Each structure stands twice: as structure tokens, then as C-alpha cells.
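[1] My questions concern the predicted model and sequence given below.
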Amino acid sequence: MTAVTDEEIRQRTKALVAEVGADASQIDFRSAQWDAGLAIVQNPEGKGGLGVSPKLQGAVEDELRTAGVRWHSMLINPIGIGMGLPTVLTYGDDDMHSRYLKRIFTGEDIWCQMFSEPGYGSDVAGLASRAVRDGDEWIVNGQKVWTSLAHNSSFGMLLVRTDPEAPKHKGLSYFVLDMASPGVEIRPLYQITGDAEFNEIFFTDVRVPHANLLGDVGDGWRVATTTLMNERVALGGSTAPRGSGTIAALTDLWAKRGPELPEPQRRIMRQRVSQLWIESEVMRLTTLRARANSTVGNPGPEGSVGKLASAELNQKIWNAAMDLQGSDGLLHEPGYPLERIEGGGDYSVSKAFLRSQANTIEGGTSDIMRNILGERVLGLPGDVRVDKGIPWSEIPTGAGK
């Protein structure tokens, strides 16, 4: 790992801002940031990084915010940057690196993740979508569900079954899918918020080049695990400044509504808001410490800690925000429009409260996170798995028997 100091990183970042300009478009700025090795500093040189400690990324982001650059590390392409980029970097060849990595980071190519299926959410390895080889291509048929931002995506991470006679974890393969391929149908799933950021996807004789395979045939579960571990880290917390993010929405609302409350209620709510601020700061510092202690490479099961804690904390924050609104919290935006959502955006308190209900489900349920932490971090006995080692085709729920 190259020896570069915090101050050197800050000077490089200042030089980048001076060269490109703080008011440059996100794509132009992020393109220059990638070329300067300041996109993901632990990445190899020439691939968005400098081969240095991941903890130095905080110095880059701090300087960008200080300079007034409109900056959020992943919001422009959350699934691509948080999951797709590290997976392609780990398992893709140089051609894939040159085709995909930079455009993921700049947001020119939005990515989605296609693992979950009807009946196979927490049990991803049991999925039933099939891919059959035909020369230099694979023919895919099946269905995926809960696919965030698929309607905006250029590429997707596709996990399918290529060997139904192997045990369920051994018969999977992982592909990069061009979402414009013939036979790919994307349908919106409207949520309780009225938005459709999720989708269901149908594959009908979709042809995927063998060259789009990540890892080896039958090695899809190992590749998917890399994606899932990075997803949980991405969902698990932010290195944004103290007091920012979700907790900022609550403290802003407290400043407006707190003085209007009767004294006994105000004291109770003040304690509640203060406690949530403390928990948010602990969460932020834990994320910073995890980054400082991490090494170059992919995260392990410990990433589930942040995902579990942040999902439940986020729900508590929005519950408190709803309570602060009093009777106004019973109201929702007039008309309750059904609309496509393009990514991030400003949410009202009521919509954010509704959306937060998914936090403990998406990216692995809280129960699954506790199982992972218990078994793989604490070393507790694993749960009974009656389908372990059995060919997928012989599992009653697997082959539809």
C-alpha cells in the first residue's frame, strides 16, 4: 500500500477542485476525480484510486464539502457504486474494468441488482430463474422482484441458476446484463409512498454473452456474497459531517415544533431527540472507525452490524419526527400520486416515515442480519438447514414440486 499522508490527499483534492471548478457538472467533476485517483482511494492506480488506506477517503470528501462541491459519495448511482463497482473490480477482467468502472462512478451508467425473486427473498440461493448455455451465449428465462431503479438502469447484476442438479449454492452463476436486451420487461411496483422505485422484471429468452460472466460458471454465490456484503456496508452508514443526514431532518423539525409543545411533552421529546442524536453520532463514528480499520478489498460479515443498526435507527428517527408533528402527522400529500422515482429526492416527513418501513427488510432483513452476526462473527451454532447438500432439483420448493 502506497504511503500517502492525509495532508497530501487534501492538497491533491484542492488541486482537483481548482482545476475542474466546484460548480462543474457532477459527471465532469467525478470523471476528473476518477482520473486523479480520488474517487475511491483504496482502488488500484488507474482504476479510480491510489492504492492507499481507505480511511483517507474521508479527507477527500471533507475537502470537497469545504470547497462547496455538490457532493454525495453514492447518491448519483447508489447500487452501482455501492455494489456493482466493487464486484466488477473484484471479479471482472481489464476489459470489464475499462468498460464499466468509471462510468459507474460518474453516474453515466446506472446499475441495478437482480437477486430476489417471488418466494426467494431471504433465501436468495434458492432462486429459480434459469440460464442455459447456447454456444457463446446464455439464454435466460425467469422473474426478479424488488429491483430498485431497474427502469433507469443501463446494466444489472444478474444471479441465475445454471445447474439445477447441483446443491442450491453451487448451481448459480453471475452475469452483467445489458438492460436494453431483447426479452427484458420491466414493470413498476408502486409502494405505500406512492412512488415506484422498485420493479419486477421478466426475462423471456434473453441472450447474455458468456463474456459477461463474473467469476466462473457455478461460482455465482461467491460473487453474489461480495455484492451483498458491499450492499450492507453501503446501507449501513455514512461518513457525512456530524449532525447531517436523517438526524438533521429531525433536529430541524424539533427547532420548529419543539417550542410549541406543552412543557411536560417538550421535556420528554427533547430527551428523545437528544438520545437519537447521540445514537446517530455513535453510528457515524462507528462507520468512520470501520473505514479506518478496513483493509483494501471487500468487507466481511461485520458490515451487517452497520446495516442492522442504521435500519432500526432510521425508523426510530422518522417515528419521532411523526410524533413531533402531532395531528399534522396524520396527513399525507394531497392526491397521493403514483409516480416513478428517479433516485434520490426530497421526502416529506410522512413519506419518509412510510419509506423507512422498508429499511429493516431491504438489503437483508434484520433477522437475517442477526443470523449472520451470530453465526459468522460471534461463532454461534448455525440454524438447521435441511436442504444443505441436496440437489436444487430435489428440493420441494426449489423445483416447484
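    Alright, I've got the coordinates.
[2] Need the contact partners of stretch 253-272.
    Stretch 253-272 has contacts (Cβ atoms under 8 Å, 6 or more residues apart in numbering) with 273, 320-321, 323-326, 349. C-beta: built from backbone N, CA, C; applies to glycine.
[3] Now do it: distance to the chain's middle.
    34 Å (Cα atoms, centre = their mean, to the nearest Å).
[4] Check the separation of the first and last residues in it.
    Stretch 253-272 has its terminal residues 13 Å apart, counting by Cα to Cα, to the nearest Å.
[5] pLDDT on that stretch, on average?
    Stretch 253-272 carries an average pLDDT of 94.
[6] and residue 264, how many neighbours?
    As a burial measure, residue 264 scores 8 neighbours (other Cβ atoms under 10 Å).
[7] and the helix or strand harbouring it, which residues are buried?
    Here residue 264, judged by DSSP states H and E, is contained in helix 263-293. Neighbour-count burial for helix 263-293, counted by 16 or more other Cβ atoms under 10 Å, picks out 269, 272-273, 276-277, 279-280, 283-284, 286-287, 290-291.
[8] cool, and stretch 382-401?
    For stretch 382-401, burial by neighbour count (16+ other Cβ under 10 Å) applies to 387, 391-393, 395, 398.
[9] quick check, nearest of these to residue 144?
    Using Cβ to Cβ, residue 398 comes nearest to residue 144 of the buried residues of stretch 382-401, at 16.7 Å.
[10] So residue 199 belongs to a strand, correct?
    Yes: using DSSP: H, G, I helix; E, B strand; the rest coil, the assignment for residue 199 is a strand.
[11] my read: residue 304 touches residue 369, true?
    Yes: using Cβ atoms under 8 Å, residue 304 makes contact with residue 369 at a distance of 4.5 Å.
[12] ok, those two, which is more surrounded?
    residue 304 (28 against 24).
[13] Find me the pLDDT at residue 342, would you?
    pLDDT, residue 342: 66.
[14] about what we covered before: and which of the contacts of stretch 253-272 is nearest to residue 135?
    residue 349 (54.8 Å).
[15] quick one: contacts for that closest one?
    By Cβ under 8 Å, 6+ apart, residue 349 lies in contact with 249, 253, 318, 321-322, 325, 329.
[16] wait, which of those residues is closest to residue 115?
    Nearest to residue 115 out of those is residue 318 (Cβ to Cβ; 26.5 Å).
[17] would you list every one of the strands in the stretch 51-200 of the chain?
    Applying DSSP state E, counting those that start in this stretch to the stretch 51-200 of the chain gives strands spanning 111-114, 130-134, 137-144, 155-161, 172-178, 184-189, 195-196, 198-209.
[18] neighbouring strands for the fifth one, and are they parallel or not?
    Spelled out, it's strand 172-178. Strand pairing for strand 172-178, using DSSP bridges, gives strand 155-161 (antiparallel), strand 213-214 (antiparallel).
[19] What would the first one look like as CSV? C-alpha coordinates only.
    Taking Å, rounded to 0.1, in the frame of the first residue of the first chain, the C-alpha atoms of strand 155-161 are listed here in CSV:
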residue,chain,number,x,y,z
PHE,A,155,-26.8,-2.6,-16.6
GLY,A,156,-27.8,-5.1,-14.0
MET,A,157,-26.2,-7.6,-11.8
LEU,A,158,-28.0,-10.9,-12.6
LEU,A,159,-27.8,-14.0,-10.5
VAL,A,160,-29.4,-17.1,-12.1
ARG,A,161,-29.3,-20.9,-11.9
